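**Student:** how does the following fold in three dimensions:
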Amino acid sequence: MISGKFAITLHILTLMTKFPDEFLSSEFIAGSLNINPVLVRKEIGNLKKHGIVESREGKFGGTRLAKRAEEITLEHIFNLTFDCVSLGYAKNDPNPACPVGKKINEALDELYQNINKCICGELKDINLVSFSDKF
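**Tutor:** Numbers count the residues shown, from 1 in each chain. Have a look, this model is predicted:
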């Protein structure tokens, strides 16, 4: 299902792109997003796991990009936050005796795969620098 993880992660990385030499605290980032710092730390954990950011602890601790912003595409960020976009399925299992019911989920799977290809096609040529230039 669609969630706000992509938007949150992109917001975090855009802030870091704007302050490339600074270790940003989760409280600072959370203030920009207007969310709880715990949610920021959760997304930062995923970014650290994939080598996108680095962190340090202590009074002057925080997080910054571990890679150059030019090397990070929005497609990469999308793939870190989603396995794939899904607009959902019916809550109940469809009737397998119905001509529509027996094939609806298969058709939805194909549709969602095509949507994901389109999304990735749009995002692959946009890097963090070009996105952050909007701000």
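
**Student:** all contacts plus neighbour counts: C-alpha atoms, from now on.
**Tutor:** Will do.

**Student:** okay, whichever strand or helix holds residue 115 in PDB with CA atoms only?
**Tutor:** For residue 115, the host element (DSSP states H and E) is helix 104-123. Taking Å, rounded to 0.1, in the frame of the first residue of the first chain, the C-alpha atoms of helix 104-123 are listed here in PDB:
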ATOM      1  CA  ILE A 104      -9.000  -9.800 -10.700                       C
ATOM      2  CA  ASN A 105      -5.900 -10.100  -8.400                       C
ATOM      3  CA  GLU A 106      -3.800 -11.400 -11.300                       C
ATOM      4  CA  ALA A 107      -4.900  -8.400 -13.400                       C
ATOM      5  CA  LEU A 108      -4.200  -6.000 -10.500                       C
ATOM      6  CA  ASP A 109      -0.700  -7.500 -10.100                       C
ATOM      7  CA  GLU A 110       0.000  -6.800 -13.700                       C
ATOM      8  CA  LEU A 111      -1.400  -3.200 -13.400                       C
ATOM      9  CA  TYR A 112       0.700  -2.500 -10.300                       C
ATOM     10  CA  GLN A 113       3.900  -3.800 -12.000                       C
ATOM     11  CA  ASN A 114       3.300  -1.500 -14.900                       C
ATOM     12  CA  ILE A 115       2.700   1.500 -12.500                       C
ATOM     13  CA  ASN A 116       5.900   0.700 -10.700                       C
ATOM     14  CA  LYS A 117       7.800   0.700 -14.000                       C
ATOM     15  CA  CYS A 118       6.400   4.100 -14.900                       C
ATOM     16  CA  ILE A 119       7.200   5.500 -11.500                       C
ATOM     17  CA  CYS A 120      10.800   4.300 -11.700                       C
ATOM     18  CA  GLY A 121      11.100   5.600 -15.200                       C
ATOM     19  CA  GLU A 122      10.200   9.000 -14.000                       C
ATOM     20  CA  LEU A 123      12.500   8.900 -11.000                       C
END
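
**Student:** run through who's touching that helix.
**Tutor:** 73, 74, 75, 78, 84, 85, 86, 87, 89, 94 (CA atoms under 8 Å, 6 or more residues apart in numbering).

**Student:** most neighbours out of the residues you listed, which is it?
**Tutor:** residue 78 (22 neighbours; other CA atoms under 10 Å).

**Student:** how far away is that one from residue 111?
**Tutor:** Noted for residue 78: a distance of 18 Å to residue 111, by CA to CA, to the nearest Å.
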